[in-house]
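Colleague: need a 3D model of the following:
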Amino acid sequence: MRARRLRKASIACVTGFAGANARLIACGTSGLATPVAPFLIAAILCVAFSGCRRPVPENVEPQAIPEVSAPAPPTSVSAPWPNFRNGTDLLGIATSALPETLEVVWQREAHDGVTSTAAIADGRVYVAELSGNVRCLDLRSGEEFWHYRTIENEDPEEFAPGFNAPVTLSDTAVFVGDEEGKFYALDRESGKLLWPPFGTDGEIKGGATILPPDDTGVERVMFGSHDGKLYCLNAATGEKVWEFDTLGPVNGSQALARSRNADGSESLFTFVAGCDKPFLRVVNVADGQQHSEIHLESLMVASPSLIGNVLYFGTPDGEVIALDWTTQQQLWLYADKQRTQEIHSSPATTDTLVIIGSRDKRLHAVDRATGQVVWTFETRGQVDSSPVLVGERIFFGSADRHIYAVDLSGKEVWKHNTGRRISASPAVGDGHLVIGCEGPAGPILCFGAKE
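Modeller: Residues are numbered from 1 along each chain as shown. Model prediction:
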């Protein structure tokens, strides 16, 4: 099996030291490696080692959390999972139920594995693979309806730009961006291109966000790129509506916040954090103009969740933060000072808990009101997978090759050994859970009840 080729050096920022390999990654760079001054290498190495991390602050005095409820638990198995975290508030809560006992309904190999999160709707699952394929599969059998590849050559040994970004569905289209910066819109029924791929100058790692129609009725889709831009396109034609300069690579998917204006109308805002400096930029999605800028103590590299006016997110410094974007106040900060590791997972957020994975090999459950730890669950590998709440169970993957389910007290209730590392996040819809695994011939697995 061939080795997957080196990708362009385009990633958010220096992300730390793992095992014996320091990853030296320039903020916002793209292209092949070039000679770097020795003093700069030393500086990057210093940041990369955990001993040179920003000191974890003392516990922040918790502020009052607004009393806004998360979605109700699922009551039906026939509910979709249309985007990365199942909605524009990115809560990671499934609206579909799962059987009490999960079985492998089907599995199939992906030539180079899967790190993307699938989407599910109308009895079909849409999966984007590192081999450059987007596939539409029957949710109950795994049989293929169609596939689209980023190059014309169908030989799996022929390199094609692959997908790390999650899949997003509208009523008629499949949206996803690839590792070389192209953004695709495919017809959901046929897999045909709806319009020529929209090109950016950096990898696309975050999922797209479907925006409501504007005042003229134009449907829009929004996504970020490692070229330091947030883009809004006409969803029907692919024409650019606006772009916003984020001053640094965009990694995650964008949450949407609603704000009531004085005249009774409603404005929609989203949030991006480049790696030029730790600032959160609030952007009005109507016109792509910056509304405000909020200083952060650390970078936000993964997607936040949103309840009311409060954003919840992890940081590369191993912290979990609650931030009120309207008052620009940090409400609380949680960190385990004894095992500080980067957080690349996005949280599942309920009325009472913020649940998030960490590279310290644990799943953390934090009290949403106070920021105090409620419990942690130990695995044997890094947890970059973003957890999903399904009723009273939380599902997530680990680099230790297992998919886990724990209950709301942190007790393990189920696990499955896939034999491969998992960094992708579960998609839960129509009574099934789908997740992909890393590596050559990494499997795509579908769990549910066998018919």
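
Colleague: ok, residue 408 - contacts?
Modeller: By Cβ atoms under 8 Å, 6 or more residues apart in numbering, the contact set of residue 408 is 353, 365, 392, 394. (Each C-beta comes from the backbone N, C-alpha and C, glycine too.)

Colleague: ok, which pair from these is furthest apart?
Modeller: 365 and 392 (13.2 Å; Cβ to Cβ).

Colleague: more neighbours: these two, which one.
Modeller: Neighbour totals were compared for residue 365 and residue 392, and residue 365 leads with 25 against 12 (other Cβ atoms under 10 Å).

Colleague: can you tell me the closest non-neighbouring residue to that one?
Modeller: residue 374 (4.5 Å; Cβ to Cβ, 6 or more residues apart in numbering).

Colleague: can you check residue 320 too?
Modeller: In space, residue 320 is closest to residue 334, 4.5 Å off (Cβ to Cβ, 6+ apart).

Colleague: helix/strand/coil for that neighbour?
Modeller: Judged by DSSP: H, G, I helix; E, B strand; the rest coil, the three-state class of residue 334 is strand.

Colleague: what's around it, how many residues?
Modeller: Neighbours of residue 334 (other Cβ under 10 Å): 22.

Colleague: so who does it touch?
Modeller: So residue 334 contacts 319, 320, 321, 364, 366, 371, 372, 373 (Cβ under 8 Å, 6+ apart).

Colleague: from residue 376, how far out is it?
Modeller: 11 Å (Cβ to Cβ, to the nearest Å).

Colleague: mutual contacts of the two, please.
Modeller: residue 364.

Colleague: check the closest residue to residue 316 other than its chain neighbours and give its pLDDT.
Modeller: Closest residue in space to residue 316, ignoring its immediate chain neighbours: residue 342 at 4.6 Å, by Cβ to Cβ, 6+ apart. pLDDT for residue 342: 96.

Colleague: any idea how many residues pack against residue 342?
Modeller: 23.

Colleague: just confirm it is within a strand.
Modeller: No - counting by three-state DSSP, residue 342 is not part of a strand but coil.

Colleague: OK, contacts around residue 412?
Modeller: 377, 404, 405, 406.

Colleague: could you turn the buried ones of those into a PyMOL selection?
Modeller: Paste this into PyMOL to select the buried members of the contacts of residue 412, with burial taken from 16 or more other Cβ atoms under 10 Å:
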select buried, resi 377+404+405+406
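
Colleague: now distance to residue 221 too, for the contacts of residue 412, in JSON lines please.
Modeller: Formatted as JSON lines, those follow (distance: Cβ to Cβ, whole Å):
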{"residue": "377", "distance to residue 221": "36"}
{"residue": "404", "distance to residue 221": "33"}
{"residue": "405", "distance to residue 221": "33"}
{"residue": "406", "distance to residue 221": "34"}
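
Colleague: in the stretch 51-200 of the chain, what spans have low per-residue confidence?
Modeller: 51-75 (pLDDT under 70).

Colleague: would you map the helices across it?
Modeller: Taking DSSP state H, counting those that start in this stretch, the stretch 51-200 of the chain contains no helices at all.

Colleague: tell me which stretches of it form strands.
Modeller: If DSSP state E, counting those that start in this stretch is used as the criterion, the strands of the stretch 51-200 of the chain fall at 103-110, 119-121, 124-128, 133-138, 144-149, 168-169, 173-177, 182-187, 198-199.

Colleague: what would those look like in CSV with mean neighbour count?
Modeller: Shown next, in CSV, are those (neighbours: other Cβ atoms under 10 Å):
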stretch, mean neighbour count
strand 103-110, 16
strand 119-121, 26
strand 124-128, 26
strand 133-138, 21
strand 144-149, 16
strand 168-169, 24
strand 173-177, 26
strand 182-187, 21
strand 198-199, 16
